[in-house]
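J.: Give me coordinates for this.
(chains A, B and C)
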Amino acid sequence: MSSAVESIDLRAAREALSASTPLVHCLTNTVVQTLTANALLAVGAAPAMVDAPQEAGEFAAVASAVLINVGTVHERTAEAMRLAARSAGAAGTPWVLDPVAVGGLTYRTQLAAELVELAPSVVRGNASEVMALAGAGAGGRGVDSTAGADDAAAAAAALASRTGGVVAVSGELDLLTDGRRTVRVGGGSLLLTRTTGAGCALGALVAAYVAATGDTLTGAVAAHAHVAMAAERAARTATGPGTFAAAWLDALDAVGPEDLAGADVRTA
Amino acid sequence: MSSAVESIDLRAAREALSASTPLVHCLTNTVVQTLTANALLAVGAAPAMVDAPQEAGEFAAVASAVLINVGTVHERTAEAMRLAARSAGAAGTPWVLDPVAVGGLTYRTQLAAELVELAPSVVRGNASEVMALAGAGAGGRGVDSTAGADDAAAAAAALASRTGGVVAVSGELDLLTDGRRTVRVGGGSLLLTRTTGAGCALGALVAAYVAATGDTLTGAVAAHAHVAMAAERAARTATGPGTFAAAWLDALDAVGPEDLAGADVRTA
Amino acid sequence: MSSAVESIDLRAAREALSASTPLVHCLTNTVVQTLTANALLAVGAAPAMVDAPQEAGEFAAVASAVLINVGTVHERTAEAMRLAARSAGAAGTPWVLDPVAVGGLTYRTQLAAELVELAPSVVRGNASEVMALAGAGAGGRGVDSTAGADDAAAAAAALASRTGGVVAVSGELDLLTDGRRTVRVGGGSLLLTRTTGAGCALGALVAAYVAATGDTLTGAVAAHAHVAMAAERAARTATGPGTFAAAWLDALDAVGPEDLAGADVRTA
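T.: Numbering: from 1, shown residues only, chains lettered A, B, ... in the order given. Okay, the predicted model is just below:
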C-alpha cells in the first residue's frame, strides 16, 4: 500500500536549514572531506570532521546530525563509526549511512551490515550499494553503479522497513522511500558524477536537512532537490568538470527557499 | 605595561618569504591538507605533509618550520605531533600550534595542553580555542567561535607569557600578542569563514613567515595581513564560496611586498 | 645500445582510455586524493581509493591498475601497499610506484626499496627520488627535486632494468625509459609545480593509460603528454595557481585523441 506524500515543503525546509545552522559531525572518507565540508558551509550548515575513537562518541552526542560514510574506512575509523552511531542513537540524533562500494568489498560490507542494525535515519547510496546492503545484489565494482535507481526500489523499501528510516537511491532520477511513501527527484547534471565526492557531500546535506527540518523524508528529499538544482545551475556556467565543482558550491549557496520550491520533486 | 611595536616591516617580510622558500612541515588535519599545501605554494613556500611517527621527528629537524593542527587528530598522529614538537624544539625550529576545537573535546584538549608545555612559537586559533587552552573558557562547539578575538585578549596574553611565544586570535579583527605587545589586523572577508581550511592554512603561512623573517611577532602578523588582503581581493572577483577558494589562492600569489606594506595592521 | 621507438601511438592511446574506463585503485597520500580522483574522472577513468589492509589486496585483484604513492605513508597504509602490490603482481595487473620524498626520509626509503623488489610496471618520480631509489643519490629535501630529469637518465635506465618495467622522471622535459628505449616529453607549465598533487595525479593517469593501452611505455608516455598538454592549455586561461587547478581538470577532459597526437613527444 502506498500513502500519499503531502508534506514535502521544500521552501520551509530551506528556510529551516538557513535558520538553524546544524552542526554536522562527519565520519567520512578522506577523498571527499574537503568538498563535503565546503558543501555544508555553502548551504549554511557547520561541518566538523571528528573520527578518532576517543572523540567520535562524545562529539556525536552534541552534534545536530551525524554522517557515516565508509569510503576509505579502516580499523580505527570503523571503531569510531560504531561509537558515533551508538551515541547518535542514544541521543536521538539523526544519522546518515553512506555505504560506499558496499557489496564489492568484504570488510566494509560486514561493517555496513553491522551499522544498519543500529538503525540509521537515512541510508544514501547508489542502486548497487543499496541492493547489496538489502541483501538483494552483488554490488558494483566500486563507487559507480551499474543499475538505475528504480532497479533498487524494492530493495530500498525493504531496507527502509528494516531500519524504520528513509532509504535514498541516487540515479538519473533519485528515488527516496520510507517503506511506505516513495518520492523521486529529477534534475541534476552528469557532471555531478564526474566530481569526486558530490554524492558523498549529498549524504552530509541529507544529515543537515534532516536535523533542520526534524522530518526524515522531507529532509532527505530537500537535500537531493537542492543538490540537483545547484548542479543544473553550475552546469550552465562551468567549462568542464574542474570548474563545475566550484560553480556547484556557488550554486549550493545561491539556491534559496523560493528556488528550491520549484524543484523537480515527484510524489507518485 | 604595553610596549610600542615599531618593528613590523611587512614589505621586508614578504620579500624574505619569496627569497627563502621555507620548507613547512605540516602535521595537519586531513580536511585541509590540500588547501594548506596550495596556500603555501601560492605564497612561495614549500609544503610537506609528513605525519607518521616513524618520520615526524626526523623531518621536523630538517624543515624550516613546523605546523601542528589537531583538527582530525588520533592516536598515531598525536604521537607524530609530540615527536615533531620535541624535535623542532631541540633544533630551534619555529613551530605553530593550531588547537582546532580544543575546549570542546576531551582528548584533543589534553593533547593540546601537553603540546603547549613544549612551548610553541605561535599558537593560532579562534577566541574560544585560545580561551580554552589558556584555561579561561569552556570552548566552542567545534571549529567556530562564539566569541570575538578581543574577548580572548587577556587569555592570549597569559598564554603567550607561558609559552614565551606569540598567540594569534582570529576574528573580524585579528589580535596578536607576545604577552607585552599587541597588534590587530583588519581586512579579510566573511567568505574566509565559509571556506574550509582557510584558518588552518593561515596557521601554515604563519609558520612559513616566522621561518622566513626570523621574528615571531613580525612573521605572525605578516601572515595574517597577507591572508586578509588576499581575501579582500578574492571577494571582489568570486561569485560565491566555491569560486572564492581558487580566487584566494590566486590572490595569495599576487600580493607582493608593496601591496602587503599597505595592509590594515594596527599597533595599539 | 638504444632501440628505436616506433610504437608510441598517442591517438590510439587516448581512444583506448576513453573506450575502456579503467578502474584505478589508488593507495595514495591524503593531500592529493581529491585531485587524483578528479583527474582520473576528467580523462574518463574510474578512481577508487581503498587503503585498508583488510581490503587492499582484494581490491587490487579486481582493479584495472593500481597506484602506490608513499607521500603520507604510515604503518597501516604501508601494509596495505605491500598487499596491493603483491596482489597486483599475482593478478598480472599493472601497477605504478610513486616514491614521493624517497631518499630524504628513512622509513619510506626502506619501504620503497621493498616495493621495488615487487617489480612495479612503472616508477614515476622526480630526479632526486629516482636517483635515491636506484641507489645513486641522496634524495631531495621533500617533494621538490634539485636535479633535472636528464641528470637521472642513467639511474632511471638502471632501475628500469632491475624492475623490468618503465621509469618516468618528471622535469622541465620528462624522461621515460624502459632501460633500452628513451622518450622525452615536453610542454607543460610551471604552474603544475605550484599545484599540490599534480605530479601525484600524473602517476594515477599513468596507471590508467597503461591499463587502457596494454603497453607500459606507450601508456606512460601518453599520460605524461596528456598532463603536459592540458597544463599548457590551462595556463592560458588561469589567472593564478588557484584557478589553474580547475582549468587543468577542464583541459584534461577536453584533450582528445586528435589533440594528443600533436603532443611534444621526442623519441631519441
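
J.: and the longest helix for chain A?
T.: Longest helix in chain A, counting residues (DSSP state H): helix A:216-237.

J.: Is it in proximity to chain C?
T.: No - Helix A:216-237 stays clear of chain C (Cβ under 8 Å from any Cβ of the partner chain), getting no nearer than 12.1 Å. (Glycine included, C-beta is placed from N, CA and C.)

J.: Just the C-alpha atoms of that helix, please, in PDB.
T.: Output in PDB follows, covering the C-alpha atoms of helix A:216-237 (Å, rounded to 0.1, in the frame of the first residue of the first chain):
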ATOM      1  CA  THR A 216      13.500  12.400   7.800                       C
ATOM      2  CA  LEU A 217      11.700  12.100   4.500                       C
ATOM      3  CA  THR A 218      11.300  15.800   4.000                       C
ATOM      4  CA  GLY A 219      14.900  16.500   4.900                       C
ATOM      5  CA  ALA A 220      16.300  13.800   2.600                       C
ATOM      6  CA  VAL A 221      14.200  15.000  -0.300                       C
ATOM      7  CA  ALA A 222      15.100  18.600   0.200                       C
ATOM      8  CA  ALA A 223      18.800  17.700   0.200                       C
ATOM      9  CA  HIS A 224      18.500  15.800  -3.100                       C
ATOM     10  CA  ALA A 225      16.500  18.600  -4.700                       C
ATOM     11  CA  HIS A 226      19.000  21.200  -3.500                       C
ATOM     12  CA  VAL A 227      22.000  19.300  -4.900                       C
ATOM     13  CA  ALA A 228      20.200  18.600  -8.200                       C
ATOM     14  CA  MET A 229      19.100  22.200  -8.700                       C
ATOM     15  CA  ALA A 230      22.600  23.500  -7.900                       C
ATOM     16  CA  ALA A 231      24.100  21.100 -10.300                       C
ATOM     17  CA  GLU A 232      21.900  22.300 -13.100                       C
ATOM     18  CA  ARG A 233      22.800  25.900 -12.500                       C
ATOM     19  CA  ALA A 234      26.500  25.000 -12.200                       C
ATOM     20  CA  ALA A 235      26.400  23.100 -15.500                       C
ATOM     21  CA  ARG A 236      25.300  26.200 -17.300                       C
ATOM     22  CA  THR A 237      28.400  28.200 -16.200                       C
END
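
J.: what's the spacing between that helix and its chain's center?
T.: 11 Å (Cα atoms, centre = their mean, to the nearest Å).

J.: So for the next helix or strand after that helix, mean pLDDT?
T.: Next helix or strand after helix A:216-237 toward the C-terminus (DSSP states H and E): helix A:241-254. Computed over helix A:241-254, the mean pLDDT rounds to 98.

J.: now the helix or strand just after helix A:241-254, how far from the chain's geometric center?
T.: The element immediately downstream of helix A:241-254 (helix or strand, assigned by DSSP H and E) is helix A:257-260. How far helix A:257-260 lies from its chain's middle: 20 Å, per Cα atoms, centre = their mean.

J.: So is helix A:257-260 next to chain B?
T.: No - against chain B, helix A:257-260 shows no contacts by Cβ under 8 Å from any Cβ, the least distance being 13.9 Å.

J.: returning to that earlier point: packing partners of the longest helix of chain A?
T.: Here helix A:216-237 touches helix A:10-20, strand A:122-126, strand A:166-170, strand A:174-177, strand A:182-185, helix A:198-213, helix A:241-254, helix A:257-260, going by 3 or more Cβ pairs under 8 Å, 6 or more residues apart in numbering or on different chains; DSSP states H and E.

J.: If you count neighbours, what's buried in it?
T.: A:216-235 (16 or more other Cβ atoms under 10 Å in any protein chain shown).

J.: again with stretch A:84-100
T.: So for stretch A:84-100, counting by 16+ other Cβ under 10 Å, buried means A:84-89, A:93-100.

J.: among the helices and strands packed on helix A:216-237, which is nearest chain C?
T.: Among these, the nearest to chain C by Cβ to the nearest Cβ is helix A:241-254 (2.8 Å).

J.: next one: that closest one to chain centre, how far?
T.: Worked out by Cα atoms, centre = their mean, helix A:241-254 lies 18 Å from the chain centre.

J.: Hey, what's the angle from it to helix A:216-237? Just curious.
T.: 130 degrees (axes from the mean of the first three to the mean of the last three Cα atoms, to 10 degrees).

J.: Helix A:241-254 vs helix A:198-213, what angle?
T.: Using the same axes, to 10 degrees: helix A:241-254 against helix A:198-213 is 10 degrees.

J.: Helix A:241-254 packs against which elements?
T.: Secondary-structure packing of helix A:241-254 (3+ Cβ pairs under 8 Å, 6+ apart): helix A:33-43, helix A:216-237, helix B:241-254, helix C:33-43, helix C:241-254.

J.: how about that helix: buried residues?
T.: Buried, per 16+ other Cβ under 10 Å, within helix A:241-254: A:241-254.

J.: Identify the residue nearest the residue positioned nearest the centre of chain A in space, chain neighbours excluded?
T.: The centroid of chain A falls nearest to A:Gly203 when counting by Cα atoms, centre = their mean (2.1 Å). The shortest distance from A:Gly203 to any non-neighbouring residue, by Cβ to Cβ, 6 or more residues apart in numbering or on different chains, is to A:Asp98 (4.1 Å).

J.: just A:Ala245 next, same as before
T.: Closest residue to A:Ala245 apart from its sequence neighbours, by Cβ to Cβ, 6+ apart: A:Thr195 at 5.0 Å.

J.: What separation is there between that neighbour and chain B?
T.: Per Cβ to the nearest Cβ, to the nearest Å, A:Thr195 is found 11 Å from chain B.

J.: That residue: neighbouring residues, count only.
T.: A:Thr195 is flanked by 26 other residues according to other Cβ atoms under 10 Å in any protein chain shown.

J.: cool, and the one 10 residues further on?
T.: For A:Leu205, the count of nearby residues is 29 (other Cβ under 10 Å).

J.: sorry, back to before: the longest helix of chain A relative to strand A:166-170, how many degrees between them?
T.: Angle between the axes of helix A:216-237 and strand A:166-170 is 20 degrees (criterion: the same axes, to 10 degrees).

J.: Average pLDDT for helix A:216-237, rounded please.
T.: The predicted model gives helix A:216-237 an average pLDDT of 98.

J.: what angle sits between it and helix A:10-20?
T.: Angle of helix A:216-237 versus helix A:10-20, following the same axes, to 10 degrees, is 90 degrees.

J.: Do I have it right that A:Tyr209 meets A:Ala223?
T.: Yes - A:Tyr209 is within contact range of A:Ala223, at 4.4 Å (criterion: Cβ atoms under 8 Å).

J.: now stretch A:18-33, how far from the centre of its chain.
T.: Chain-centre distance of stretch A:18-33: 11 Å, with Cα atoms, centre = their mean.

J.: which of the residues in it are buried?
T.: A:20-33.

J.: Show only the entries of those found in helices.
T.: Using DSSP H, the buried residues of stretch A:18-33 in helices are A:Ser20, A:Gln33.

J.: need the buried residues of stretch A:18-33 in TSV with pLDDT and distance to chain B, can you?
T.: Below are these laid out as TSV (pLDDT from 0 to 100; distance: Cβ to the nearest Cβ, whole Å):
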residue	pLDDT	distance to chain B
A:Ser20	98	13
A:Thr21	98	9
A:Pro22	98	11
A:Leu23	98	6
A:Val24	98	10
A:His25	98	8
A:Cys26	98	9
A:Leu27	98	10
A:Thr28	98	10
A:Asn29	98	10
A:Thr30	98	5
A:Val31	98	10
A:Val32	98	10
A:Gln33	98	4
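
J.: So which bits of stretch A:46-65 are buried?
T.: Quick answer for stretch A:46-65 (16+ other Cβ under 10 Å): A:46-65.
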